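J.: attaching a predicted model along with its sequence, questions to come.
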Amino acid sequence: MKTRRGKFATVIAAVAVTAGVGGGVYAAGGTPEEQALAPARPPASAAIEKKVSTLLSQMSTDEKLQQVQLLADWQANEAEAKAGVGGVFSEVRPDRINKLQHIAVEQGPHHIPILFAYDTIHGFRTIFPIPLATGSSFDPNVAADDHRFGARESAAVGLKQIYSPMVDVSHDPRWGRISEAAGEDPYLNSVMAAARVKAAQGRDYSAADKVVTSVKHYAAYGQPEGGRDYGTTDMSENRLRNFYLPPFKAAVDAGADTAMCSFNAINGVPGCANKRLETDVLKGEWGFDGFIESDYTAVEELRNHGVAADGPDAGALALTSGTDSEMVSTHIRDNGKALLASGKITMARLDDAVRRILRIKFRAGLFDNPYVDVSKAEAAQEQPDALEAARKAGSRSMVLLENQGKVLPLDPTKKTAVIGPLADNGKDQVGPWWGRGDDSKKVTVLQGIQAQSPGATYAEGCKLPGNEPPQYDESEDCPNTDFTEAVNVAKAADQVVLAVGETRAHSGEATTRSVLDLPGNQEKLIADIKATGKPVVVVLFNGRPLTLDGVTGVADAVLEAWFPGVQAGNSVADVVFGKVNPGGKLPVSFPRRVGQVPIYYNHEPNGRPCDKDVKWNSRYRDIKSCDPQYVFGYGLSYSTFEITNLRLSQTQVNGNGKVDAMVDVKNVAGPAGDEVVQLYLHDPVASISQPVRRLRGFERVTLAPGEMKTVTFKIDKSDFGFYDNAGKFVVEPGAIDLYAGNSSKATLKASFNVTG
């Protein structure tokens with residue numbers, strides 16, 4: 001029997017990190033989900049606090065102002081290092097890092113080391129699937145492997161901080177950065193965030209292969225108006241607390257020691273000038289004692305937001321609100337003395353910011369081991385264990401959307417045609433945050449298929465230029481309509497693998513799209529290949545949900561591969577040929593048309609819920625369905641599973657009580673495979689309308705043919721309570737409904753009552 005705890009604030013003892021690949025992140029008891037969410041923040045070190053206080057007392061005002069400055073690689077130079085700059089990001093050359101560090105430590109005031117940082121979002125050189133894909137795995141071990149190896153490779157070149165995990169819940173697939181987190185659900189995002197933090201930091205991130213994490217973007221960056229990046233966000237307190245803050249809290253509980261404030265304004269207050277969120281909530285309520293850095297020029301942008309009159313005003317507002325480190329712009333450093341003299345900032349607040357930065361540098365071991373061994377940096381990259389973990393992560397993150405006539409898995413002994421603009425495209429398979437993946441040896445879909453189906457043929461069909469912004473022109477995507485060469489290649493084969501989708505330039509930062517169809521004429525390519533009469537398997541590469549009417553209605557099978565990383569080709573081939581039985585589930589809803597957006601499973605009910613057969617209710621008149629095309633939690637397998645017998649340990653608890661929910665899952669047909677058992681909760685009558693369903697537990701279970709297992713979920717007040725509009729966590733008496741199944745449309749139901 002396996003046990004699952006449905007919460008992110010459980011009191012489970014911190015456990016030790018193991019080095020195994022995919023064998024569990026932590027050695028002590030509990031399931032992967034329990035271990036990921038268990039608080040792990042160690043107590044503050046009195047010895048470190050004493051060192052910080054001693055050093056701070058010796059520093060001049062100029063030195064303190066240097067410590068709060070964070071420069072980009074193109075800004076960093078020998079003079080800045082000698083002056084004592086606090087941090088540098090995106091410098092990844094170990095010899096250059098060492099040179100600047102030697103200057104800082106040997107020539108700088110008080111010999112304070114520089115903190116070097118990088119956006120290791122889903123890998124440094126060994127690029128793993130994008131975080132949205134990792135969410136599809138419903139397996140925190142996949143996220144942990146990603147950040148364990150990412151930390152090892154980053155630290156090897158001299159980096160000691162990574163700007164990850166990104167945990168922004170989003171309901172809008174038009175927003176390009178939906179690719180960087182785990183989708184639309186706060187609970188799933190919380191599990192994955194905590195797993196990433198623990199794997200990257202370990203119990204002690206001063207270790208040679210560990211780094212300190214920076215959880216971002218604080219907060220509610222994932223819900224801008226119209227899906228437009230950097231746009232404003234407006235929401236109630238209860239929605240902010242119930243949907244968008246939980247993953248940040250989970251990351252902080254897991255030990256994340258730095259955080260990044262967001263570009264966007266929340267209810268008119270920009271993230272890097274939001275004292276309530278930065279100081280009152282993060283540092284106050286949650287006890288966060290690390291530091292907050294601004295996002296790229298976000299302090300300067302306070303002027304564009306209309307909350308600061310000039311640079312000095314912006315610097316003062318950011319610092320007094322709780323931002324401790326200014327990225328790229330230099331308003332705090334340059335104007336600090338004048339701001340102190342005028343009383344617009346205080347020495348106490350400046351000291352607090354510097355104390356927090358020094359604290360992390362001591363915890364990271366930089367004062368004892370500031371330099372990197374350049375001779376070992378390259379040897380740490382793309383090691384066999386990392387590549388194997390990336391390959392496993394890729395296949396484990398894929399979601400089988402359609403499999404008409406059980407076309408999949410394909411027979412590798414038959415002649416396979418590999419077609420499409422992304423079939424032999426190593427550049428785009430790694431996604432919008434590719435780290436240093438451009439330096440790596442990537443396995444394309446064509447290469448992966450040919451390795452398992454020798455003699456596989458190839459045709460590109462059309463091109464997706466993938467020009468990076470601002471040069472990007474979507475009219476250049478797959479512009480031709482004559483696919484004769486590709487059709488002829490398909491005709492000469494027995495079966496077709498068709499790789500289509502987005503390039504990495506379509507997803508990520510500053511890539512909001514107003515349509516969600518396949519770019520260019522890729523749908524026509526699919527239709528023309530299908531017209532040959534050959535079995536067609538479409539493999540989708542993308543960083544967001546797409547509208548797929550022109551795909552799912554044509555292709556025999558559709559495999560959502562997302563952007564799988566450097567081992568993409570091997571991962572795709574493993575699934576297509578049946579070495580891996582797909583078990584991933586969607587972490588985000590797929591709309592039928594872009595006009596449905598935002599559409600998400602965990603919405604609040606309304607007075608006239610959707611009924612496709614009734615006019616006077618809440619629905620779209622031109623869509624004959626109340627649902628998205630694919631719902632949250634959906635995914636097929638080569639096996640058939642049954643989930644039955646939902647029962648509860650008790651049907652009545654007090655507000656501090658606990659309930660166990662048990663369910664049986666069985667592999668009733670097909671090969672060995674994985675099913676993701678999901679538990680959802682609904683509070684049908686509350687003082688504030690509650691979401692129709694909320695994910696509160698999941699278990700990815702591997703079952704042999706005919707095998708059955710029982711999964712147990714533990715539910716308590718952190719699950720059936722909620723935050724009200726005053727920001728207060730409340731538990732109200734009344735009935736609570738639980739639903740169990742393999743998607744957010746689960747039908748098994750049981751109920752219990754919470755007493756006063």
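T.: Structure received. Residues are numbered from 1 along each chain as shown.
J.: mind listing the helices for the stretch 51-200 of the chain?
T.: Listed in chain order, the helices of the stretch 51-200 of the chain (DSSP state H, counting those that start in this stretch) span 61-67, 78-83, 94-107, 131-137, 140-156, 186-201.
J.: could the ones you listed go into CSV alongside mean pLDDT, distance to Asp295 and mean neighbour count?
T.: Where C-beta positions appear, they are placed from N, C-alpha and C, glycine not excepted. Formatted as CSV, the helices of the stretch 51-200 of the chain follow (pLDDT from 0 to 100; distance: least, CB to CB, whole Å; neighbours: other CB atoms under 10 Å):
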stretch, mean pLDDT, distance to Asp295, mean neighbour count
helix 61-67, 98, 19, 21
helix 78-83, 98, 20, 16
helix 94-107, 98, 22, 18
helix 131-137, 98, 17, 30
helix 140-156, 98, 19, 28
helix 186-201, 98, 18, 30
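J.: among the ones you listed, which is nearest Arg359?
T.: Of all the helices of the stretch 51-200 of the chain, the one in closest proximity to Arg359, counting by CB to CB, is helix 61-67 (11.4 Å).
J.: looking at the helices of the stretch 51-200 of the chain, which is nearest to Pro113?
T.: helix 94-107 (5.5 Å).
J.: quick check: buried residues in stretch 365-376?
T.: By 16 or more other CB atoms under 10 Å, the buried positions in stretch 365-376 come out as Gly365, Leu366, Phe367, Pro370, Val372, Val374.
J.: just the terminal-to-terminal distance for that stretch.
T.: Taking CA to CA, to the nearest Å, stretch 365-376 runs 19 Å from one end to the other.
J.: starting at the chain centroid, how far to that stretch?
T.: Relative to its parent chain, stretch 365-376 has a centroid offset of 29 Å by CA atoms, centre = their mean, to the nearest Å.
J.: Asp168 touches Tyr221, doesn't it?
T.: Yes: counting by CB atoms under 8 Å, Asp168 does reach Tyr221; the two are 4.8 Å apart.
J.: those two: which has the busier surroundings?
T.: Shown here are Asp168 and Tyr221; by other CB atoms under 10 Å, Tyr221 has more neighbours (29 against 25).
J.: quick one: that one from Glu153, how far?
T.: Using CB to CB, to the nearest Å, Tyr221 is found at 27 Å from Glu153.
J.: what does Ile48 give?
T.: Counting by CB to CB, the gap from Ile48 to Glu153 is 27 Å.
J.: contact partners for Arg544?
T.: Leu132, Pro173, Arg174, Trp175, Gly176, Ile178, Ser179, Glu502, Ser507, Arg513, Leu516 (CB atoms under 8 Å, 6 or more residues apart in numbering).
J.: correction: Val538
T.: Leu498, Val500, Ile526, Val551, Ala555, Ala557, Val558, Leu559.
J.: the same query, at a cut-off of 6 Å, please.
T.: Leu498, Val551, Ala555, Val558 (CB atoms under 6 Å, 6 or more residues apart in numbering).
J.: and the helix or strand where it lies, which strands flank it?
T.: Taking DSSP states H and E as the definition, one finds Val538 inside strand 536-541. Strand 536-541 pairs in its sheet with strand 495-501 (parallel), strand 557-560 (parallel), by DSSP bridges.
J.: most neighbours per residue, which of those?
T.: Highest mean neighbour count of the strands paired with strand 536-541: strand 495-501, a mean of 28 (counted as mean count of other CB atoms under 10 Å).
J.: what's that one in contact with?
T.: So strand 495-501 is in contact with 410, 414, 416-420, 422-423, 445, 449, 490, 518, 522, 529, 534-542, going by CB under 6 Å, 6+ apart.
J.: can you dump the C-alpha atoms of it in CSV for me?
T.: C-alpha atoms of strand 495-501 as CSV (Å, rounded to 0.1, in the frame of the first residue of the first chain):
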residue,chain,number,x,y,z
GLN,A,495,4.3,4.4,-41.3
VAL,A,496,4.9,8.0,-40.6
VAL,A,497,6.2,10.0,-37.6
LEU,A,498,5.3,13.6,-38.2
ALA,A,499,7.1,16.2,-36.0
VAL,A,500,5.4,19.5,-35.9
GLY,A,501,4.6,22.4,-33.5
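J.: pLDDT on that strand, on average?
T.: Strand 495-501 comes out with an average pLDDT of 98.
J.: repeat that for stretch 543-551.
T.: 96.
J.: again with stretch 639-656
T.: 97.
J.: how about Ala573: what's its closest non-neighbour residue?
T.: Gly448 (3.8 Å; CB to CB, 6 or more residues apart in numbering).
J.: surely that neighbour is in a helix?
T.: Yes: applying DSSP: H, G, I helix; E, B strand; the rest coil, one finds Gly448 inside a helix.
J.: and for Asp613, the neighbour number?
T.: As a burial measure, Asp613 scores 8 neighbours (other CB under 10 Å).
J.: got any ranges where the stretch 601-750 of the chain has weak pLDDT?
T.: Applying pLDDT under 70 to the stretch 601-750 of the chain picks out no residues at all.
J.: residue boundaries of the helices in it?
T.: In the stretch 601-750 of the chain, the helices defined using DSSP H, counting those that start in this stretch lie at 717-720.
J.: quick one: which of the buried residues of stretch 365-376 is nearest to Ser395?
T.: Val372 (33.5 Å).
J.: list the contacts for the closest one?
T.: Pro94, Asn98, Gly158.
J.: export the residues you listed to TSV and tack on distance to Ile715?
T.: Converted to TSV, the contacts of Val372 look like this (distance: CB to CB, whole Å):
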residue	distance to Ile715
Pro94	49
Asn98	52
Gly158	45
